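S.K.: the following comprises the amino acid sequence and a computationally predicted model.
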Amino acid sequence: MPKEIVIALAGNPNCGKTSLFNNLTGTCQYVGNWPGVTVEKKECVCSIGGRRVRIVDLPGTYSLTSNSLDEIVARTFILHNKPDVVINVVDASNLDRNLYLTAQFLEMGVNLVLCLNMIDQAESRGVKIDAEKLSEYLGARVVATVAHRNKGTDQLLEAALHAAGHPASGQTRIRYGTEVEKEISDLEAMIMQKGVLKDRYAPRWLALKLLEGDEELTKLIADRDSTSQEILSQTHASCERLKKLFSSDVEMIIIDQRYGFITGVTKRVVSKPVEERLLFSDRIDNIVLHRQLGIPIFLFLAWLMFKITFTASDPLMHMIESGQSHLASVVGSLLPDGSIIQGLVVDSVIEGVGSVLVFIPLIFILFFLMALLEDSGYMARVAFIMDTFMQKIGLHGKAFLPMILGFGCNIPGLMATRTIETHRERLLTLMIIPFMSCSARLPIYAVFIGAFFTENGGTVLFSLYLLGIVTAVVMAKILGKTAFRGESSPLLLELPPYRMPSIKGAVLHTWSRGKLYLRKAATVILGGCILVWFLSNFPWQPDYSRDYEALEKEAATRWNAAADRLPTGSITYQAEQERFQQYIQDLDTQRKSEKLLKSYAGTVGKEIEPFLRPLGFDWKIGISLLTGIVGKEIFVGTLSTLYAVSGTVDDSASLRTAIQQDTWSDGRKVYTPLTAFALMVFCLLYIPCLAAIGTIFQETHSLKWTLFAVSYTTAVAWIVSFLIYQGGRLLGLG
Amino acid sequence: MEAKEAPSVHEIEVEPEPIPLTMATPGRNVTLVAVTGGRGLKSRLYGMGITPGVHLRILNGGTSGPFLVLVRDFKIALGYGVARKLMVR
């Protein structure tokens, strides 16, 4: 069988690479994220004409230096995995800027196919590009496409496959002028002679990069044996010579030459009219980026997004809920009553997982709306709007984007911090993202808002999100002044032109993120629910303080005797019968209660209750908070499991009714609106879920910072909830 | 667009009155003369097409907040700290 063909997709941010990838993967059987490598690196495998083709979507970059993690990821993939073809996607209306990356691909000598994307937009603005000439100058194939209309995709794929069979040979070599060329070839000769890294990198490219002062490669050579040191000293000498000659850094000379090459190409290939007009995008920007109006507009849009989410998902959630309880009763009746298997299936699997699945409409609608805003280009504007504010808390506007992503799920948000260049700001952002209210916390809000804040649910929800942001801001300020002292680095970000978001794109976006939630429900949460059910049901036969079975039998004997005595249907008979049934039910309730109290979960819950009492929480909440560490949505699953088995309420009542009716032993309600709010705040702020903790560890490479994140968030949660609950009580709110 | 030779450091020194971008009036068209920042910043700016000799139009800017400039037909948001390091005329 012939070898698999690997095609890498590279390009600047905002060049339409993602739509193009979506088009290409339309024919694929499998599309997967690459977890743990980068935020948006995806790949797909398909079979074309009997050959396996793997398409890898690299992170969008402007350059291939070792200055940011994204660039390193893209560069490392190309250098180490040696894809057969690199499709370089460029925005046809901005050729000169986009070709800078192309120039670097040519330097690396990769097998290049240039994709002139958004050619329609360029043409409508009067930009004409001679694709044939361009191909000639670059020595690479050029294909024009319109990715968002799926035009030219087939031709592009065809060109790429053709190129895969014909390795790069006639590709253009960029010349950097006589003096620089001489130094390059001297250094190249030395690298060849020493045989350093020659099987990994092309010697000419390595020489060029060393002259440019590439940190990663310089370090790589420096860490090798002593003979390699000669290369570094020659590099140093070359740089000094060139510096004297040009009175400029070598890196600057090389960059100038690259742009010189690009200008040379575009001058001959592109004809552009001189334009002086206010574009549609500019008109919108005048409003949304307005110094005073910008932030209110953003807040309004965010509020509207949550309002729509809540309103639209409500009827759907009710449908799922009723379907779920129907299923529970049908399945329950098929299994032997009171058996372990019935408890496991009905109480843990159906109840637990069901109570998480019920939030699918909510999560998907929110993801969809966020995808629309993101694809439209507005999200990048938010970084601009928020920059002044973010600078005040020691971060820059770009750090706001990972925070927004954190609203969907903290994990992509945490991973998106890789675009932040300085270590200090990256770490600081990582520490505050867990306060962003992710979608896993929505199920918790939905339950409590549904039970206690039906009138003003949207506002309460919005206030929670806002509180998360405020906490993050305050903590950023505090941490920035203490644990992470230092200067904040400035913002540098391209704002893409506004685009009409495509429904298809938004759906794909929603699906790729929502899928993670579904997978979690099917694996971690299912496991969590079973574990919780086990902990709250075992020991299966605890040492009861009273012999419930005997008491029940005794009562039955008494009732039978009374029934024989009394005339059937008489008033006394009915009263006795009711009394008997009530007694049996009470006994059952007490038994179940005692069983839960004596279970493993009850023991732990009781242990931590004293810590939670000042916040108004009982031991059931305590247990749920513990299991919620696995995944915050498990909190809901646990709570419903606990209520379904504790028997203090009718089994068939939904969780909402159960918590509305639950009382302390003195008859006070466990939940007032104030408790519910304090609890939602606690859930918002305490320990991020296991997956998030894992991601923080992976991103910081530090156990210290991971433990710090876990403990300080919980401390913050306790303090804020305490202030809310006790403050509210002082004000007479509950 | 007219391709201009990037001025070398010598030329910059004799050129009169380049001012930081932060001092230029919003709405004006200016030409970038030099970047006074460190290596990392320079190479990032250059990668984004912000090179000496390029024309910038200041679309949005203020006393402390970020600046929005139009460069080579696309918009770039520059924090105040970056804008301060761009010498224009």
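M.R.: It's in.
S.K.: around chain A, pick out the residues from chain B.
M.R.: For chain B, the contact set with chain A under C-beta under 8 Å from any C-beta of the partner chain comprises B:1, B:3, B:6, B:8-10, B:39-49, B:51, B:59-60, B:62, B:64-66, B:68, B:71-83. From N, CA and C alone the C-beta is placed, and that goes for glycine too.
S.K.: which among these end up buried?
M.R.: B:6, B:41-49, B:51, B:59-60, B:65-66, B:68, B:71-83 (16 or more other C-beta atoms under 10 Å in any protein chain shown).
S.K.: inside strands: which ones of those?
M.R.: B:59-60, B:68, B:71, B:74-78 (DSSP state E).
S.K.: ok, the residues you listed vs A:F306, which is closest?
M.R.: When those are compared for distance to A:F306, the smallest value, 26.1 Å, is given by B:A77; criterion: C-beta to C-beta.
S.K.: shouldn't that closest one be in contact with B:L70?
M.R.: No - because the distance of 11.3 Å does not satisfy C-beta atoms under 8 Å, B:A77 is recorded as not touching B:L70.
S.K.: shared neighbours of these two, anything?
M.R.: Counting by C-beta atoms under 8 Å, 6 or more residues apart in numbering or on different chains, B:A77 and B:L70 have no shared contacts at all.
S.K.: average pLDDT for stretch A:303-310?
M.R.: Stretch A:303-310 shows an average pLDDT of 80 in the prediction.
S.K.: give the next helix or strand downstream of the helix or strand of chain B with the lowest mean pLDDT.
M.R.: For chain B, scoring each helix and strand by mean pLDDT, DSSP states H and E identifies helix B:9-14 as the least confident one, at a mean of 51. Under the assignment DSSP states H and E, the closest C-terminal helix or strand after helix B:9-14 is strand B:19-20.
S.K.: give me the residues contacting that next one.
M.R.: B:83-89.
S.K.: could you list the low-pLDDT ranges of chain B?
M.R.: Under the criterion of pLDDT under 70, the regions of chain B flagged as low confidence span B:1-16.
S.K.: and with 50 instead?
M.R.: Applying pLDDT under 50 to chain B flags residues B:1-3.
S.K.: repeat for chain A
M.R.: The model of chain A has pLDDT under 50 over residues A:29-39, A:647-653.
S.K.: going along the chain, name the strands of it.
M.R.: For chain A, the strands defined by DSSP E occupy A:5-11, A:30-33, A:42-48, A:51-57, A:85-91, A:112-117, A:128-129, A:141-144, A:270-271, A:492-495.
S.K.: any idea which of the ones you listed gets closest to chain B?
M.R.: Evaluated over those, closeness to chain B peaks at strand A:492-495, with 4.3 Å, by C-beta to the nearest C-beta.
S.K.: does chain B sit close to the closest one?
M.R.: Yes - contact between strand A:492-495 and chain B, assessed by C-beta under 8 Å from any C-beta, occurs at A:492-495.
S.K.: need the contact list for A:S281.
M.R.: With contacts defined as C-beta under 8 Å, 6+ apart, A:S281 is in contact with A:377, A:497-498, B:75.
S.K.: and those, which is closest to A:G457?
M.R.: Relative to A:G457, the closest of these is A:G377; by C-beta to C-beta it sits at 30.5 Å.
S.K.: so that closest one makes contact with A:E494?
M.R.: No - with contacts counted by C-beta under 8 Å, A:G377 stays clear of A:E494, the gap being 10.3 Å.
S.K.: who does the lengthiest helix in chain B touch, helix- and strand-wise?
M.R.: As assigned by DSSP state H, the longest helix anywhere in chain B is helix B:39-47. Counting by 3 or more C-beta pairs under 8 Å, 6 or more residues apart in numbering or on different chains; DSSP states H and E, the packing neighbours recorded for helix B:39-47 are helix A:95-108, helix A:250-269, strand A:492-495, strand B:29-35.
S.K.: rerun at 10 Å
M.R.: Based on contacts counted as 3 or more C-beta pairs under 10 Å, 6 or more residues apart in numbering or on different chains; DSSP states H and E, the elements that helix B:39-47 packs against are helix A:95-108, helix A:250-269, strand A:492-495, strand B:29-35, helix B:80-83.
S.K.: which one of the ones you listed lies nearest to A:F697?
M.R.: Of the helices and strands packed on helix B:39-47, the one closest to A:F697 (C-beta to C-beta) turns out to be strand A:492-495, at 28.0 Å.
S.K.: in its sheet, what does the closest one sit against?
M.R.: When pairing is defined by DSSP bridges, strand A:492-495 lines up against strand B:74-78 (antiparallel).
S.K.: what's the angle from the strand it pairs with to helix A:95-108?
M.R.: Computed with axes from the mean of the first three to the mean of the last three C-alpha atoms, to 10 degrees, the direction of strand B:74-78 lies at 80 degrees from that of helix A:95-108.
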